[in-house]
Every structure is written in structure tokens, then in C-alpha cells.
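Enquirer: structure, please.
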Amino acid sequence: MTTRKYLIKNTIGLHARPAALFVKQAAGYESSIKVLKDNKTADAKSIISIMALGAVKGSEITITADGKDEELAIEALIQLLDSFAD
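Expert: Residues are numbered from 1 along each chain as shown. The predicted structure is shown next:
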């Protein structure tokens, strides 16, 4: 299992377009990927689940992946989140 913390930097957070791109990226990996914020856990491959987290700018999230491509998945998702930064 691989886990990384991330501070949301973009103005709109993980809402609408960024959330859709995040879910699309996560869906490309075999690993089970979860996103945690506060006491909520979301399936990274579910748009509704990700948007329900309410991850706005300044929120700290934890991304956890478990599977054979877990490290690649985490790294790719972090890079994608960095690309959204204002």
C-alpha cells in the first residue's frame, strides 16, 4: 500500500472538471485507489464520491493506492493535481 498527502492548490479544488480528470486518470490503474479528507473516504474512480469530499483550495487530502501499480498511480495523480495549480 502506498499513501501520499496532498494540499489542494487550485482555486476550485476537486470540483467538476478537475474531479472528472482525476477520476479518469485513476480509472486507468488496476490498483484500488482511495482519497481521504477529514473523516470521509472516497473511491478515486467515482466522480460522485470525489466531489462529495468537498475538497476545496487549502484542503489536505490523503491518496492511498493498493495494488501492483500503486506507486505509478499515486505519482500520476499527484502530477495531475499539480497541473491544476493556479
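
Enquirer: so, low pLDDT: which residues of the chain?
Expert: Across the chain, residues meeting the criterion (pLDDT under 70) sit at 86.

Enquirer: show me where it has strands.
Expert: 2-7, 32-37, 40-43, 60-66 (DSSP state E).

Enquirer: dump those strands to JSON lines, plus mean neighbour count.
Expert: Quick note: C-beta positions are derived from backbone N, CA and C, even for glycine. Supplementary listing: the strands of the chain in JSON lines, determined by neighbours: other C-beta atoms under 10 Å:
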{"stretch": "strand 2-7", "mean neighbour count": "14"}
{"stretch": "strand 32-37", "mean neighbour count": "20"}
{"stretch": "strand 40-43", "mean neighbour count": "16"}
{"stretch": "strand 60-66", "mean neighbour count": "18"}
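
Enquirer: for the protein, what spans make up the helices?
Expert: Using DSSP state H, the helices assigned to the chain run over residues 17-27, 47-52, 70-84.

Enquirer: helices and strands around the shortest one, which ones?
Expert: With contacts defined as 3 or more C-beta pairs under 8 Å, 6 or more residues apart in numbering; DSSP states H and E, helix 47-52 has these neighbours: helix 17-27, strand 40-43.

Enquirer: and the helices of the chain: which comes nearest Arg4?
Expert: Closest to Arg4 of the helices of the chain, according to C-beta to C-beta: helix 70-84, at 5.3 Å.
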